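# predicted model, plus sequence, below.
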Amino acid sequence: MNTIAIARIDINGHAHVADLDMCLDFINSESFDDGVPREHLSTADDAVAYFTLRGLAHEGALRAQAARDADGWLARIHGVRAALREVWDAEVEHRIPGQAALDTVNAVLREAPRIELIAAEDCCGVGHRHTADDPTGEALARVVGPLVEAIAAGQTGRFRICANDGCREALVDTSRGGRRRWCDMSSCGNVAKVRRYRDRRKTADPSADQPSAGA
């Protein structure tokens, strides 16, 4: 069962970097409860806060872009997330991903952040400035990068999808034996155990789960 992680850095700064966990967090920002989609980035404000709190972009720059066309801006973010999800699922399921997803991810990669060093504004040390004119594209490129790098390095052997069909959270198996199947044993793992138990009962006694007469 997916729960979106809270901010990991100070909102007054930004790390300008993302790791695979952050990429997974983004993919799972659309989660599923018993197969029903649950959107965690429902509004442009949600998405602005999401990227800002994770240090992936400046809030003001994102808000300026979103203000021009909030629906279109949010749809762009959802589209990249869907493409990442397709790439992840295809890698786990050992199948060819949809070409549209590949095209979307490759287009995002071309928005790789470009930064120049400058004298710090307080005249003490070194500062920086962004030279690209698409802060949203930069933020998305930061999120996409770690997944692409893992695929390029052949480090996808422990990529997983929660085996609960009603959840399907994307995850990395960090267990010692590499046999993890569930996002969380206390939720999805227990659901699977209950289902297996009921299936065994039905096999042993087909009437076990049927309501009694007159009930």
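Structure's in. What do you need? Numbering: from 1, shown residues only.
# quick one: contacts for L62?
Contacts for L62 (CB atoms under 8 Å, 6 or more residues apart in numbering) come out as 47-48, 51-52, 135-136, 139. To be clear about C-beta, it is placed using only N, CA and C from the backbone, and glycine gets the same treatment.
# for it, give me the pLDDT.
Confidence at L62, expressed as pLDDT, is 96.
# in a helix, it, correct?
Yes. Membership of L62 in a helix is supported by DSSP: H, G, I helix; E, B strand; the rest coil.
# so T174 touches F159, yeah?
No. Using CB atoms under 8 Å, T174 is not in contact with F159; the gap is 11.5 Å.
# which of these two has more residues huddled nearby?
Taking other CB atoms under 10 Å, T174 and F159 do not tie; F159 has more neighbours (20 against 9).
# can you read off the backbone torsions of that one?
phi -70, psi 140 (degrees, to the nearest 10).
# that one against E93, yeah?
No. With contact defined as CB under 8 Å, F159 does not reach E93; the gap is 9.9 Å.
# strands along this protein, start to end?
Assigned by DSSP state E, the strands in the chain fall at 30-33, 36-39, 115-119, 126-130, 159-161, 170-172.
# just checking, what packs against the second one?
Contact here means 3 or more CB pairs under 8 Å, 6 or more residues apart in numbering; DSSP states H and E; on that basis strand 36-39 packs against strand 30-33.
# give me the residues contacting the strand it packs on.
So strand 30-33 is contacted by 1-2, 4, 37-41, 78, 81-82, 85, 166-169 (CB under 8 Å, 6+ apart).
# those residues in helices, which ones?
Judged by DSSP state H, these include 78, 81-82, 85 as members of helices.
# for D25, see how far away L56 is.
Plainly put, L56 is 11 Å away from D25 if you go by CB to CB, to the nearest Å.
# the more surrounded of these two?
L56 (26 against 20).
# so for the more buried one, what's the nearest residue that isn't a sequence neighbour?
Once flanking residues are discounted, L56 sits nearest to A139: 4.2 Å by CB to CB, 6 or more residues apart in numbering.
# cool, T104 as well?
Nearest to T104 is A83, by CB to CB, 6+ apart, at 3.7 Å.
# V36: neighbour count?
There are 8 residues near V36, going by other CB under 10 Å.
# mind checking pLDDT for it?
For V36, pLDDT reads 88.
# who does it bridge with?
D33 (DSSP bridges).
# need the contact list for the residue nearest the centre of the chain.
The C-alpha lying nearest the average C-alpha coordinate of the chain belongs to I27 (CA atoms, centre = their mean; 1.8 Å). Taking CB under 8 Å, 6+ apart, we find I27 in contact with 81, 84-85, 88, 170.
# alright, that wraps it up for me.
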